[in-house]
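Chemist: Below are the sequence and a predicted model; questions follow.
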Amino acid sequence: LSGSGSGGTATLSCGGESVVCKRSHLEKLRALLRSGDAGDAAAASGERLFERRAYCVLARVLALQGGEPRAGGMQAAVGYRVFDALARHHGAAFELFASPLNARFSSFCSAAPDV
């Protein structure tokens, strides 16, 4: 597994297959992992384990997009401003139908039960 990339992207590879993502998405995954229940243990387990977990999440999201990186996940999501307004005016703090990459809140439901 390698975590390489140039500029604003990162490439994670495993078994001859690669996924490319924005470095900001990789950092968001890292922050979500650290904020979760297993945050301290996950941080202590090292970068290699994080990269393996990140690869699995990214490969799953790519598969849900039909294997096309620019497909956008076939989603009809609203923008962050809408979620911010829902939080401000209605106390929303939980999101349905999100992925770790597009979730606005730290609590969300995912199509993948282990994410």
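Modeler: Sure thing, it's come through.

Chemist: ranges for the strands of this protein?
Modeler: Ranges of strands in the chain, per DSSP state E, are 2-4, 9-14, 17-22, 94-95, 107-108.

Chemist: tell me the most buried of those?
Modeler: Of all these, strand 9-14 has the most neighbours on average by mean count of other CB atoms under 10 Å, namely a mean of 17. To be clear about C-beta, it is placed using only N, CA and C from the backbone, and glycine gets the same treatment.

Chemist: Can you lay out the strands of the chain as a markdown table showing distance to Lys28 and mean pLDDT?
Modeler: Formatted as a markdown table, the strands of the chain follow (distance: least, CB to CB, whole Å; pLDDT from 0 to 100):
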| stretch | distance to Lys28 | mean pLDDT |
| --- | --- | --- |
| strand 2-4 | 15 | 55 |
| strand 9-14 | 12 | 87 |
| strand 17-22 | 9 | 86 |
| strand 94-95 | 14 | 89 |
| strand 107-108 | 12 | 86 |
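
Chemist: Quick check: which of the ones you listed is nearest to Phe50?
Modeler: For Phe50, the closest of these is strand 2-4, at 8.7 Å, according to CB to CB.

Chemist: buried sites along stretch 30-37?
Modeler: Burial within stretch 30-37, assessed by neighbour count using 16 or more other CB atoms under 10 Å, is assigned to 30, 32-33.

Chemist: And the residues you listed, which is closest to Leu101?
Modeler: Nearest to Leu101 among the buried residues of stretch 30-37, counting by CB to CB, is Leu32 at 9.5 Å.

Chemist: Excluding covalently adjacent residues, which one is nearest to that closest one?
Modeler: Nearest non-adjacent residue to Leu32, counting by CB to CB, 6 or more residues apart in numbering: Pro100, 5.5 Å away.

Chemist: OK, contacts around that neighbour?
Modeler: Counting by CB atoms under 8 Å, 6 or more residues apart in numbering, Pro100 makes contact with 28-29, 32, 57, 110, 115.
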